[in-house]
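Novice: sequence plus the predicted model coming up.
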Amino acid sequence: IDRFSKSFNFCLSIITMIFSIIWFVFTVFGSGALVAGLLFLWTGGQLGEVSEKLTPQQAELHLAELEKQRQQEEEAREQKQREVQLDRLQQQNEALQEEITRKQEERRQQRTLTKRFGEAIPEVPAPTPEPQSFYEKLRSGISKTREQMLGGLSNALLGKKEIDEEVLDSLEEALLGADIGPETTEQILEVVTSRVERQELRDVDALREVIKGEIVRILHKEVPIPTVADRKPLVLMFVGVNGVGKTTTIGKIAAQYRRDGHRVLMGAGDTFRAAAIEQLTEWSRRADCDIIAKSQGADPSSVMYEAVEKAVREEYDVVICDTAGRLHTKKNLMEELRKMVRVIRKVVPDAPHEVLLVLDATTGQNAIFQAREFREAADLTGIVMTKLDGTAKGGVMIGIVNEFDIPVRYIGVGEGIEDLRPYDAKQFTDSLFS
């Protein structure tokens, strides 16, 4: 009886202690903490049982599977973010294009009213301006970019006789302000810093020349350019988001080939917008070239096949293929472009001979984002930079060429057909720094 009494008292003491601990947790931390603690003890026991059942190899495979799932979820999130950014950018470009169209319509109506109600007012003929060379147009067109870049450099170096940390910081701000981009800016600063450390740069005049030389080096890329003499038909594919001037660029290049006596055939591959088909048809009429076009919603690849097949059959010199600037998702865009290339190669195995990305210089750093996205969708061979006139963001072209190692093929500095020209690196850099 004495032993039983001692055992009973010991168990009662243990139970009393457990209840005291539970009451202490409940009163101090609340019921949530009490429940969480009990669940932790229970689940811990369950996990312990599971871990005891797994061999080391099974546990390692289980952890690898969990890591793989985590990476897949992270990639899916990044893909979704890129798609949202591309869609937002395309919407901005479309809104800008609509605003331009609206203003043009307002000016047209204004001219109509002036003509209707102002016939009694004698018109004074405007003086005919002297024709400008393309170099003069280029220098005038990129004047804002030149002022942005050189003005920023001049302000950074103003009153400085030696190159110190303050000069380098100001130089970085000036280059970023010219929309050259962070990666290219860092590269130029590394070149400058290394020469300063080697005491090869001692004054700001030499620094200016080093910067110019580095930009010239970036922009000057010697790449073979396919011509009609090398390939017939010469197949060109143009890609780019809506609103960058892709259709106009195609029309101008077609007109230039026609001026040189070549037979040109267009393929209206942007079947997602009725306006794109109508605009390209109008440009084919103005450029005096033929076109393969179908109704809105037709398969773009079938348009490409018919255009290239007809060009081979009827011995055209050049085929120019338009493509959609916006599909529902980036995945659809990439797949559609790849499908077009496969279909074209069924007729001409080494085509397309050029895949040119059309970019709007006024979009600044957004143009770098577009180049990154389209480079994943197609094997880009060149850049067409439009609307360089009237913008201070033309420096973005330097960043794109440097970051993606894609040469510039054409630049546009005006609305006329002759204002879109093949890119000349020396001519551009001379007009930028003169």
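Specialist: Received it, and whenever you're ready, just let me know what you need. Predicted model only: the values in this text are computed from it and were never measured.
Novice: okay, strands next: where are they in the stretch 101-250 of the chain?
Specialist: Ranges of strands within the stretch 101-250 of the chain are 234-239, based on DSSP state E, counting those that start in this stretch.
Novice: which stretches of it have low pLDDT?
Specialist: 101, 104-135, 156-161 (pLDDT under 70).
Novice: how about a cut-off of 50?
Specialist: For the stretch 101-250 of the chain, the stretches flagged by pLDDT under 50 are 113-130.
Novice: list the contacts for Val355?
Specialist: Going by C-beta atoms under 8 Å, 6 or more residues apart in numbering, Val355 touches 237, 239, 378-382. Every residue, glycine included, has its C-beta placed from N, CA and C.
Novice: return a PyMOL selection command for the buried portion of the residues you listed.
Specialist: To isolate the buried members of the contacts of Val355 in PyMOL, using 16 or more other C-beta atoms under 10 Å:
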select buried, resi 237+239+378+380+381+382
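Novice: would you verify that Val355 is located in a strand?
Specialist: Yes. With DSSP: H, G, I helix; E, B strand; the rest coil as the criterion, Val355 is located in a strand.
Novice: quick check: bridge partners of it?
Specialist: Counting by DSSP bridges, Val355 is bridged to Met237.
Novice: settle this for me: Val396 is touching Ile180, isn't it.
Specialist: Yes. Using C-beta atoms under 8 Å, Val396 is in contact with Ile180, at 7.2 Å.
Novice: now the residue nearest the centre of the chain: which helix or strand?
Specialist: With distances taken as C-alpha atoms, centre = their mean, Gln370 lies nearest the centre of the chain, 1.3 Å away. Element membership of Gln370 [criterion: DSSP states H and E] is helix 365-377.
Novice: chain center to that helix: distance?
Specialist: 2 Å (C-alpha atoms, centre = their mean, to the nearest Å).
Novice: what are the buried residues along that helix?
Specialist: 366-368, 370-371, 373-375, 377.
Novice: a markdown table please, covering those residues and showing distance to His62.
Specialist: What follows is these, written out as a markdown table (distance: C-beta to C-beta, whole Å):
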| residue | distance to His62 |
| --- | --- |
| Asn366 | 44 |
| Ala367 | 46 |
| Ile368 | 42 |
| Gln370 | 42 |
| Ala371 | 42 |
| Glu373 | 37 |
| Phe374 | 40 |
| Arg375 | 38 |
| Ala377 | 37 |
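Novice: and Tyr423, how far from Val408?
Specialist: Shown here: Tyr423 relative to Val408, a distance of 4 Å by C-beta to C-beta, to the nearest Å.
Novice: with neighbour numbers in mind, choose between those two.
Specialist: Using other C-beta atoms under 10 Å, the more surrounded residue of Tyr423 and Val408 is Val408, with 22 against 19.
Novice: bridging residues for the more buried one?
Specialist: The partner residues for Val408, given DSSP bridges, come to Ile383.
Novice: thinking again about what came up before, tilt between the helix holding Gln370 and strand 234-239?
Specialist: Here helix 365-377 points in a direction 130 degrees away from that of strand 234-239 (axes from the mean of the first three to the mean of the last three C-alpha atoms, to 10 degrees).
Novice: and helix 365-377, what does it pack against?
Specialist: With contacts defined as 3 or more C-beta pairs under 8 Å, 6 or more residues apart in numbering; DSSP states H and E, the packing partners of helix 365-377 are helix 56-117, helix 330-347, strand 354-360, helix 396-404.
Novice: looking at those, which is closest to Met149?
Specialist: Met149 sits nearest to helix 396-404 of all the helices and strands packed on helix 365-377, at 9.1 Å, using C-beta to C-beta.
Novice: I'd like the mean pLDDT over the closest one, please.
Specialist: The pLDDT scores in helix 396-404 average 90.
Novice: which residues are contacting it?
Specialist: Contacts for helix 396-404 (C-beta under 8 Å, 6+ apart): 179-181, 183-184, 187, 215, 218-219, 221, 359, 361, 363-365, 367-368, 371-372, 375, 380, 383, 385, 388, 406-408, 411.
Novice: where's the dip in pLDDT among the buried residues of helix 365-377?
Specialist: Among those, pLDDT bottoms out at Ala377, giving 78.
Novice: contacting residues around that residue?
Specialist: 239, 330, 333-334, 337-338.
Novice: separate out the buried members of these.
Specialist: Here, 16+ other C-beta under 10 Å leaves 239, 330, 333-334, 337 buried among the contacts of Ala377.
Novice: okay, these in TSV with distance to Lys68 next?
Specialist: What follows is the buried ones among the contacts of Ala377, written out as TSV (distance: C-beta to C-beta, whole Å):
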residue	distance to Lys68
Val239	34
Lys330	23
Leu333	28
Met334	24
Leu337	30
